[in-house]
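1. Sequence first, predicted model second:
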Amino acid sequence: MAHVLVDRFGPAVWRAVVERMGETPEAEDAFVDLMLAVWMRIGRRADLARLRERVEKTLTSLGISSPAEDEPSEATADTLEVRDGGEELEETGLPEAVLRDLPLALRNRALQRLRAQIAYEEADARRSGSRVARASAGMLVLLGFALVGYGWWGERSSGVGQPSSVHRASPEPVAGADLPVQVQAVLDITRQPVDLGHLTFGDGELVTGSLSLGTQGDEIHLSAYALHGLSLLANPRWTCKVTLSPPSPGTGGAWLFRSWSLSSAGAWAVVTVNWTENRIHGAASRVDVYAVPFAGGSPSRLTTLNVGDGGEVVIATGPGGIAWQSVSGQEGVTAVSPVHLAPIVARGGSASLGPSARIDVSGVVRNPHVTPAGFVYQGTSAAPVAAGMWVCVAPTGQSTVYAGVPAATDGAVVQGESGVLYAVAPVSSPEGQTLAMCALHAPGSRQPSFRLEVPVSAWGADGGYVDYVERAGGRTYLVVARAD
């Protein structure tokens, strides 16, 4: 059906696009996006007898008035018939002369885009086995493209509106996914770079953070954006400022700002600020921890952690709360504290830490995460685990070793909506780095490992969300997905 759509209706659509936009790269992008929008409305099992009628109605709703179908010749009629059982992914081999006004390279690009969408639909069907889930995912993507395409087409037709770069969109980041996730949003960040190290996710929204150093005081600015379809980071739902308060200067030196981080802990965005005391005899460290409700509101200081000379604090957050471990050094001897785990509770409109539990470990924990199932980490400096393995300490204190992405030496853990814990890790691919996910399972048992189909330039994981950056069609996208 993909080839029938492109070969019969593509030339007419391309002529209509060129009449309005000229033969430009933007016109080629618009053509491919329109063909995808039509495909997603008519479906791969559309009735051939009503194909022309459905295509004309769909294109008319997207801004093209009743394009004529390019009738195939008798010699090529058979090659345009629908091929079942997945054969529609093969090239038809039509000579360029048959596709009168459609460049062969553009035709193949459109077919590749539809092929990617078909692969996405099939992968989603294998994961969920649910027609409802497939329909929901399709409607999410279709809604995003329809809205962006409608605005883009109207702008091109009228010659007014926002710059074209605002509306250029590609569905390839969505179609390329083959992970146990549901894509929540695809954000065009080509001209709007996002620091993946300083963003976090709440229930249906993305929160970004930026540091502002000024003469009137230093602040961390947070902005929350709703996650929906294909969009840009614009019109934040709420904003918040976390004012940084350095400790009082000690003898022989002053406190200097060192670093900060942003993560999530249930209904809260957590900001950690690290300070270093600039003294002749060493560097004492201090960490201030703040919480901001994802519903919007004022920040609350949860706690302040101090360690001695040459010390540091390891912080972990997640749906289960916040955990920390102190590492201090005295005269060349390193002392490591147990891990302390505490929930975040709301009291009188502000946040505070609830009663903490103690987890005894040997050494400094690696890649720690707080989940409802317990405290999860990739071994410690004194007790490392094999590549791809994770340790989970349950609230009861019982420790269990699980396997994640095979042979992965780095990574993160996210909790799916179904309660399953997934390991996420970077893996190599012929095009560069990509991502793999695997549910945590007993070592030796068989568990499928899912792999992203496209290379990524950066990635992150937080709470129940996975995000990654990829390039498609000459643009850069941030894809945000919720683990199943």
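-> Now that the structure is in, tell me what you want to look at. Numbering: from 1, shown residues only.

2. When you work out contacts or count neighbours from here on, use the C-alpha atoms and nothing else.
-> OK.

3. these two touch, right, residue 377 and residue 368?
-> Yes. Counting by C-alpha atoms under 8 Å, residue 368 is a contact partner of residue 377 at 4.2 Å.

4. Comparing the two, which residue is more hemmed in?
-> Higher neighbour count among residue 377 and residue 368: residue 368, with 25 against 22, using other C-alpha atoms under 10 Å.

5. Report the contact partners of that one.
-> Listed by C-alpha atoms under 8 Å, 6 or more residues apart in numbering, the contact set of residue 368 reads 315-316, 375-378.

6. so where's the stretch 101-250 of the chain shaky on pLDDT?
-> Low-confidence segments of the stretch 101-250 of the chain (pLDDT under 70): 115-177, 215-216, 250.

7. just the helices in it please.
-> Using DSSP state H, counting those that start in this stretch, the helices assigned to the stretch 101-250 of the chain run over residues 104-128, 131-158, 164-167, 172-175.

8. So which bits of stretch 28-42 are buried?
-> Neighbour counts over stretch 28-42 (16 or more other C-alpha atoms under 10 Å) mark 28-40, 42 as buried.

9. and which of the residues you listed is nearest to residue 214?
-> When those are compared for distance to residue 214 (C-alpha to C-alpha), residue 29 wins out at 42.7 Å.

10. Surely residue 210 touches residue 220?
-> Yes. With contact defined as C-alpha under 8 Å, residue 210 reaches residue 220; the gap is 5.6 Å.

11. Identify all contacting residues around stretch 416-423.
-> Residues contacting stretch 416-423 (C-alpha under 8 Å, 6+ apart): 404-405, 411-415, 437-440, 464, 482-484.

12. Would you mind checking the average pLDDT for it?
-> Averaging pLDDT along stretch 416-423 yields 92.

13. and what of stretch 37-45?
-> Rounded mean pLDDT across stretch 37-45 is 69.

14. Cross the contacts of stretch 416-423 against strands and list the overlap.
-> 412-415, 437-439, 482-483 (DSSP state E).

15. Which of these sits closest to residue 201?
-> Nearest to residue 201, judged by C-alpha to C-alpha, of these is residue 482 at 9.7 Å.

16. picking up where we left off before, list only buried entries from the contacts of stretch 416-423.
-> Neighbour counting over the contacts of stretch 416-423 (16+ other C-alpha under 10 Å) leaves 404-405, 411-415, 437-440, 464, 482-484 as the buried ones.

17. does residue 424 have beta-bridge partners, and which?
-> residue 412, residue 437 (DSSP bridges).

18. surely it meets residue 409?
-> No. Counting by C-alpha under 8 Å, residue 424 sits too far from residue 409 to count as a contact (10.9 Å).

19. Mind checking which of those two has more residues around it?
-> Neighbours were counted for residue 424 and for residue 409 using other C-alpha under 10 Å; residue 424 has more, 28 against 15.

20. OK, contacts around that one?
-> So residue 424 contacts 404-405, 411-414, 435-438, 461 (C-alpha under 8 Å, 6+ apart).

21. Apply 10 Å and report the result again.
-> Going by C-alpha atoms under 10 Å, 6 or more residues apart in numbering, residue 424 touches 179, 404-405, 408, 410-414, 435-440, 449-451, 459-461, 466.

22. ditto for residue 181
-> Contacts for residue 181 (C-alpha under 10 Å, 6+ apart) come out as 124, 127, 416-417, 437, 464-466, 480-484.

23. let's see 7 Å
-> With contact set as C-alpha atoms under 7 Å, 6 or more residues apart in numbering, residue 181 has these partners: 481-484.

24. The closest residue to it other than its chain neighbours and residue 275: what is the separation?
-> The spatially closest residue to residue 181, leaving aside those adjacent along the chain, is residue 483, at 4.2 Å (C-alpha to C-alpha, 6 or more residues apart in numbering). Using C-alpha to C-alpha, to the nearest Å, residue 483 is found at 34 Å from residue 275.

25. which non-adjacent residue is nearest residue 255?
-> Spatially, and ignoring its direct neighbours in sequence, residue 255 is nearest to residue 277 (4.2 Å; C-alpha to C-alpha, 6+ apart).

26. which helices and strands does the helix or strand that contains residue 7 pack with?
-> Using DSSP states H and E, residue 7 sits within helix 2-21. Where contact means 3 or more C-alpha pairs under 7 Å, 6 or more residues apart in numbering; DSSP states H and E, helix 2-21 is packed against helix 25-42, helix 104-128.

27. okay, the angle between that helix and helix 25-42?
-> 140 degrees (axes from the mean of the first three to the mean of the last three C-alpha atoms, to 10 degrees).

28. tell me how far helix 2-21 is from the chain's mean position?
-> What separates the centre of helix 2-21 from the centre of its chain is 32 Å, taken as C-alpha atoms, centre = their mean, to the nearest Å.

29. Could you pull out the buried residues of it?
-> For helix 2-21, the neighbour count (16+ other C-alpha under 10 Å) marks 2-17, 21 as buried.

30. Which elements pack onto whatever helix or strand residue 461 lives in?
-> For residue 461, the host element (DSSP H and E) is strand 458-462. Applying 3+ C-alpha pairs under 7 Å, 6+ apart, one finds that strand 458-462 makes contact with strand 412-415, strand 465-472.

31. State the mean pLDDT of it.
-> Throughout strand 458-462, pLDDT has a mean value of 93.

32. Mind exporting the C-alpha coordinates of it to PDB?
-> Extracted in PDB, the C-alpha atoms of strand 458-462 (Å, rounded to 0.1, in the frame of the first residue of the first chain):
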ATOM      1  CA  ALA A 458      23.100  12.300  23.700                       C
ATOM      2  CA  TRP A 459      20.700  10.600  26.000                       C
ATOM      3  CA  GLY A 460      19.400  10.600  29.600                       C
ATOM      4  CA  ALA A 461      17.000   8.700  31.900                       C
ATOM      5  CA  ASP A 462      15.100  10.000  34.900                       C
END
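
33. May I have the strands that pair with that strand, each with its orientation?
-> Counting by DSSP bridges, strand 458-462 is paired with strand 465-472 (antiparallel).

34. Wait, residue 391 touches residue 400, no?
-> Yes. Counting by C-alpha atoms under 7 Å, residue 391 does reach residue 400; the two are 5.7 Å apart.

35. Who has more neighbours out of those two?
-> More neighbours surround residue 391 than the other of residue 391 and residue 400, with 20 against 12 (other C-alpha under 10 Å).

36. which residues does residue 351 contact?
-> Counting by C-alpha under 7 Å, 6+ apart, residue 351 makes contact with 291, 300, 302, 344-345.

37. Phi first, then psi, for it.
-> phi -110, psi 150 (degrees, to the nearest 10).

38. Tell me the bridge partners for it.
-> On the basis of DSSP bridges, residue 351 takes part in beta bridges with residue 346.

39. Would you mind measuring from it to residue 300?
-> 6 Å.

40. what sits in contact with each of these two?
-> In contact with both residue 351 and residue 300: residue 291, using C-alpha under 7 Å, 6+ apart.

41. Which strands or helices does the strand or helix carrying residue 302 pack on?
-> Using DSSP H and E, residue 302 sits within strand 300-309. Counting by 3+ C-alpha pairs under 7 Å, 6+ apart, the packing neighbours recorded for strand 300-309 are strand 284-293, strand 321-330, strand 350-353.
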